[in-house]
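Chemist: only geometry, no sequence info:
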Ligand code: SF4
């Protein structure tokens, strides 16, 4: 676990590692999923530190990359989370996608066991594959909770290994932790309307206290009301509004139904794709309308407002003093125990 400059968390941890064939070194690996992956910083860092002893040169965050080695749990990374005794926010997997199809669920069990053992920490999981996340969290075995059984299976001899951590849990012989774990937040990335329409409804089915989206890099306008790619002419309405007394309500709830947090950010870097300031403003206004917390991370390197380049000093658009006042919002949802 290491300190991070990512504004919406305090630390990041990457326990799901990759060992390229022919190498003894751990590195990271992932597979690009959608246009939001185009300027993946994790991929550039992994490229720079790719082990020289590997049997192949760096194949990129691709299917070939995934096939070029094996995935392992870095126990040292994982257990470093247990040492942290103060409340904080931890982002799991900023160098990969922990819910990649290639990650065995038993490895994710180990991560969840650590989350169960650290109720004072908020654990944030973000994926571009919410369908895999839903499958994991809806699994019958795991539905019963993170049990002593799961923890023991994950670690072999955990009760002896972490006696003090176990003291923190309301565990008895058949001990169950609440499921979903109240300190686990689940999120999905949505770079434009298409991916918001596809991913948000799946994410919101994942049993969790907090569902969030990361609209970064924001490369298109997103309406959190009604999925435009599904209903380009507006949602199907219940009736004219007079027949049943509904006052003209759409049949389906808004797209964001079930979301508690929206994180927004423009792309950074020399080849950053443009973000129109109005897109961020629209998300903020939707959040106000639907009662969702909003967190403006950065405006990005290539943000335009009324056709003019907005950011002058900070290359990432991360200096709040350069932002319009109304967008200087960094909220988190209140979570009841
Ligand atoms: S899912 Fe995340 S880590 Fe994986 S390629 Fe895309 S941006 Fe990079």
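Modeler: Nice, I can see it. These numbers come from a predicted model, not from an experiment. Numbering: from 1, shown residues only.

Chemist: Which residue, other than its chain neighbours, is closest to the closest residue to the ligand within the stretch 201-337 of the chain?
Modeler: Here the stretch 201-337 of the chain gets closest to the ligand at one residue, residue 217, 9.4 Å apart by Cβ to the nearest ligand atom. Every residue, glycine included, has its C-beta placed from N, CA and C. Nearest residue to residue 217 in three dimensions, chain neighbours excluded: residue 267, at 3.4 Å (Cβ to Cβ, 6 or more residues apart in numbering).

Chemist: Hmm, residue 261 and residue 332 touching each other?
Modeler: Yes: counting by Cβ atoms under 8 Å, residue 332 does reach residue 261; the two are 6.7 Å apart.

Chemist: okay, and the common contacts of the two?
Modeler: 293, 295 (Cβ atoms under 8 Å, 6 or more residues apart in numbering).

Chemist: and these two? which has more neighbours close in?
Modeler: residue 261 (21 against 17; other Cβ atoms under 10 Å).

Chemist: Next, give phi and psi for the closest residue to the more buried one other than its chain neighbours.
Modeler: Distance criterion Cβ to Cβ, 6+ apart; nearest residue to residue 261, sequence neighbours excluded, is residue 212 at 3.7 Å. Main-chain dihedrals, residue 212, degrees, to the nearest 10: phi -130, psi 160.

Chemist: mind listing what residue 212 touches?
Modeler: 124, 126, 185-187, 259-263.

Chemist: mind running it again at 10 Å?
Modeler: If a contact means Cβ atoms under 10 Å, 6 or more residues apart in numbering, then residue 212 has 8, 124-126, 185-188, 203, 259-263, 292-293, 295, 332-333 as its contacts.

Chemist: Among those, which ones are in strands?
Modeler: 124-126, 185-188, 261-263, 293, 295 (DSSP state E).

Chemist: want to throw those into JSON lines with pLDDT and distance to the ligand?
Modeler: Below are the ones in strands among the contacts of residue 212 laid out as JSON lines (pLDDT from 0 to 100; distance: Cβ to the nearest ligand atom, whole Å):
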{"residue": "124", "pLDDT": "98", "distance to the ligand": "14"}
{"residue": "125", "pLDDT": "98", "distance to the ligand": "12"}
{"residue": "126", "pLDDT": "98", "distance to the ligand": "8"}
{"residue": "185", "pLDDT": "97", "distance to the ligand": "17"}
{"residue": "186", "pLDDT": "97", "distance to the ligand": "15"}
{"residue": "187", "pLDDT": "98", "distance to the ligand": "12"}
{"residue": "188", "pLDDT": "98", "distance to the ligand": "10"}
{"residue": "261", "pLDDT": "98", "distance to the ligand": "19"}
{"residue": "262", "pLDDT": "98", "distance to the ligand": "18"}
{"residue": "263", "pLDDT": "98", "distance to the ligand": "14"}
{"residue": "293", "pLDDT": "98", "distance to the ligand": "23"}
{"residue": "295", "pLDDT": "98", "distance to the ligand": "18"}
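
Chemist: Most widely separated two among those residues?
Modeler: 125 and 293 (17.3 Å; Cβ to Cβ).

Chemist: neighbour-wise, which of these two wins?
Modeler: residue 125 (26 against 18).

Chemist: For that one, name its beta-bridge partners.
Modeler: residue 92, residue 186 (DSSP bridges).

Chemist: related to what we said a few turns ago, now, of the ones in strands among the contacts of residue 212, which are buried?
Modeler: With burial judged by 16 or more other Cβ atoms under 10 Å, the buried subset of those is 124-126, 185-188, 261-263, 293, 295.
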